[in-house]
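S.K.: fold the following and give me the result.
(2 chains)
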Amino acid sequence: MTTVSSSPSTPAELASLALRVREHILRLSTDGGCFTGASLSCADLFVFLYTRFLRIRPDGLQDPERDYLLLSKGHDVPALYATLVELGWMPPERLQNHLKTNDLIYWHPNRHIPGVEFHSGSLGHLPAVGLGIALDIRLRGGPNRVVVVTGDGELDEGSVWEALLVASAYQLDNLIIVVDRNHFQANVRTEELIPLEPLVPKFEAFGCAVERIDGHDFAQMEAAFSRVPFQAGKPSVIVADTVRGKGVPSIEARADRWFCNFTHEEVEALVRELRGEAQAHLTSETLTVR
Amino acid sequence: MNYQELIRQTALNDERIIVMTAENRAVLRELPPVLGPRFLDVGIAEQTLIGAAAGLALRGRIPICHALAPFLIYRAYEFVRTDVGIAHLPVKLSSWIAGFLSEANGPTHQAIEDVALMRAIPGMTVFCPADEADMLAMLPAIWASPDPAYVRLIVRKTDYTHAPFEIGKAEVVAQGTDVTLLVYGLLFDEARQAARLLEQEGLSVGLINMRSLKPVDEAAIVRAAQESKRLITIEDHLLTGGLYSIVAEVLLKHRITADVQPLALEERWFRPALLPDVLAFEGFTAEQIARRITLPIWV
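M.R.: Purely as a prediction, here's the structure:
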């Protein structure tokens, strides 16, 4: 089994794909909205993982040797749907069903949508669920890797560290934790509320092998992911520094642009801004806390 | 045959079975060498226990999660609800020392709201065997079911010979026209002796070992309500959400008015002590049960 065929491979191709993914995310940020900022921060990671790393095919979910991607923060699911649409796994018209009762596309993942491994939204769960999957892979013997994408605010949850202790004890080097380190939790900067740094030595102290990269730099992603597991017998952790709202300067790194519900006009302006045109003028309410 | 031996035989015959614990190995101590990597001890980490069980179940396994009742389901409640419940995974919660069985541990260890919490989860099934033999009769069907399950374990022996078990069916030990005792778990034996005492006083006494609290045997409850003048629910559980609540819900659903007297814990934890003393202090010995319900309004 190989990576998705005809997948983009050059940084320019990946960037072009990521741009389209971000446009989908912006178009989901209206008529009820979504967690725009937190989806934009991990869009490049999802694009990279699906095209360059994960051995998953839409028609191969029963393949016993396939990899797993678990979205632990959950509210980044627009980035996943957008990626699945761009890779042809999900019909694009299905995004029109966002928040509608005729489909299951809402603010957090539903595992009955092909490509979604498990539901999430309650933070700190999927490191443990991923641990269980990794344990079974170890039991049966297989090349599968389990990638769990967490938020950084999510690291406040003790269950993340509990699962890491156990993963380390069982020497699960088929488990890869990717931290979307966008430096914000819901409404504030992480370091202003519950400081997380220094993160790398924290993970190392929990028995993991750790790399820190720029989560928007495809070359750095390639270099890091091509070397997992970083160390035999240890879970790998990739701390990916990202920018919340990445790609759209008017909402980048802003505490009040976590959940966004823009007007249609604002969305069009933001899409133009994403493409490098003039900065959007935003008047819609900020910080719609859910 | 005992609990550990049943697990051993079941697991050796079915490679889907994974035995997991949060370092509560006392009654599983012979399993690690037998099951090898299919015995997983995650340490004192109940949230990880349940989350990992969900992950294993996603891969086709049937995890039996053995831990002390309060930590298994209270510490990890949201993991049970969210990872096991929402996905309706066949994770089997083996709950050790629930109810009065926590004896002298104190309120931290008292699982006396477990039935209420577990049955509140959509799709979760709830079972409370009366004694070791009853438990051994029930567990194979519970483990074979595709549903998530919560089981109050019990390894106490009684001299009662139980009928075969079927999920959703109560064991009607006796039918009576004056009073019917509805009971589950370790209080079955006390209730059985209480029934004898009441019969000696000339009453016609029914006795039902509920066994399966969710799904519950509605027909058995309805029939008892129609045949007896009074129903007595007996449980080492809070009054809210346990058998008394279940009976009330069933009777209301079937539009039956009945005289129901609950013997349960009302808005407090029980006095920690060794089991015989707990029963005596809380009023759940056979004699006390009989006395508490021989204030009959029908005489």
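S.K.: how about residues contacting the helix or strand hosting residue A:268?
M.R.: Applying DSSP states H and E as the criterion places residue A:268 in helix A:264-274. Outside helix A:264-274, the residues that touch it by C-beta atoms under 8 Å, 6 or more residues apart in numbering or on different chains are A:19, A:22-23, A:26-27, A:29-30, A:247-251, A:262, A:278-284. Yep, even glycine has a C-beta here, placed from its N, CA and C like the rest.
S.K.: name only those of these that count as buried.
M.R.: Buried members of those, counted by 16 or more other C-beta atoms under 10 Å in any protein chain shown: A:19, A:22-23, A:26-27, A:29-30, A:247-248, A:250-251, A:262, A:280, A:282.
S.K.: can you map out the helices along the chain?
M.R.: If you meant another chain, say so; for now it's chain A. Along chain A, the stretches classed as helices by DSSP state H are A:11-27, A:36-41, A:43-48, A:77-86, A:126-140, A:158-169, A:190-193, A:199-205, A:218-225, A:264-274.
S.K.: I was thinking of chain B, sorry if that wasn't clear
M.R.: Applying DSSP H to chain B gives helices spanning B:3-13, B:31-35, B:46-58, B:69, B:77-79, B:114-119, B:132-144, B:187-200, B:218-227, B:243-253, B:275-282, B:286-292.
S.K.: so how far is the shortest one from its chain's centroid?
M.R.: Yep, that's helix B:69 we're talking about. 11 Å (C-alpha atoms, centre = their mean, to the nearest Å).
S.K.: was I right about residue B:198 contacting residue B:205?
M.R.: Yes. If you go by C-beta atoms under 8 Å, residue B:198 and residue B:205 touch, sitting 4.7 Å apart.
S.K.: what do those two both touch?
M.R.: Joint contacts of residue B:198 and residue B:205 (C-beta under 8 Å, 6+ apart) are B:178-179.
S.K.: the most centrally placed residue in chain B bridge partners, please.
M.R.: Most central in chain B under C-alpha atoms, centre = their mean is residue B:128, positioned 2.1 Å from the mean C-alpha point. When bridges are called by DSSP bridges, residue B:128 pairs up with residue B:211.
S.K.: near chain A, which residues of chain B?
M.R.: B:37-38, B:40, B:42-43, B:45, B:47-48, B:50-61, B:63, B:78-79, B:82-83, B:86-87 (C-beta under 8 Å from any C-beta of the partner chain).
S.K.: can I have the buried ones of those residues as a ChimeraX selection?
M.R.: Selection of the buried residues among these in ChimeraX, burial being defined by 16+ other C-beta under 10 Å:
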select /B:38,40,42,45,47,48,50,51,52,53,54,55,56,57,58,59,61,63,79,82,83,86,87
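S.K.: tell me which residue in the stretch 151-299 of chain B sits closest to chain A.
M.R.: Proximity of the stretch 151-299 of chain B to chain A (C-beta to the nearest C-beta) peaks at residue B:151, 20.4 Å away.
S.K.: identify the bridge partners of that residue.
M.R.: Beta-bridge pairing for residue B:151 (DSSP bridges): residue B:94, residue B:127.
S.K.: surely it and residue B:91 touch.
M.R.: No. Between residue B:151 and residue B:91 there is no contact under C-beta under 8 Å: 11.5 Å.
S.K.: so between these two, which is more surrounded?
M.R.: More crowded of residue B:151 and residue B:91, by other C-beta atoms under 10 Å in any protein chain shown: residue B:91, with 30 against 24.
S.K.: I'd like the distance between the residue most central in space within chain A and residue A:241.
M.R.: Among the residues of chain A, residue A:42 comes closest to the average C-alpha position under C-alpha atoms, centre = their mean, at 4.5 Å. Per C-beta to C-beta, to the nearest Å, residue A:42 is found 12 Å from residue A:241.
S.K.: now swap in residue A:278 and tell me
M.R.: Noted for residue A:278: a distance of 28 Å to residue A:241, by C-beta to C-beta.
S.K.: returning to that earlier point: ranking the helices of chain A by burial, who's on top?
M.R.: Stretch with highest mean neighbour count among the helices of chain A: helix A:36-41 (a mean of 30; mean count of other C-beta atoms under 10 Å in any protein chain shown).
S.K.: give me the number of neighbouring residues for the residue nearest to residue B:225 when sequence neighbours are not counted.
M.R.: Sequence neighbours aside, residue B:258 is the residue nearest to residue B:225 in space, at 4.1 Å (criterion: C-beta to C-beta, 6 or more residues apart in numbering or on different chains). By other C-beta under 10 Å, 19 other residues sit near residue B:258.
S.K.: go ahead and confirm residue B:150 touches residue B:98.
M.R.: No. If you go by C-beta under 8 Å, residue B:150 and residue B:98 don't touch, sitting 9.3 Å apart.
S.K.: which neighbours do those two share?
M.R.: When contacts are counted by C-beta under 8 Å, 6+ apart, residue B:150 and residue B:98 have residue B:114 as shared neighbours.
S.K.: close to chain B: what parts of the stretch 151-290 of chain A are there?
M.R.: The stretch 151-290 of chain A comes close to chain B at residues A:158-159, A:162-163, A:165-166, A:169, as judged by C-beta under 8 Å from any C-beta.
S.K.: how about TSV for those, with distance to residue A:87 and pLDDT added?
M.R.: Output for these, formatted as TSV (distance: C-beta to C-beta, whole Å; pLDDT from 0 to 100):
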residue	distance to residue A:87	pLDDT
A:158	35	98
A:159	31	98
A:162	34	98
A:163	29	98
A:165	35	98
A:166	33	98
A:169	36	98
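S.K.: can you tell me how far residue A:206 is from chain B?
M.R.: Remark: distance between residue A:206 and chain B (C-beta to the nearest C-beta, to the nearest Å) = 13 Å.
S.K.: list the contacts of that residue.
M.R.: In this structure, residue A:206 makes contact with A:161, A:164-165, A:168, judged by C-beta under 8 Å, 6+ apart.
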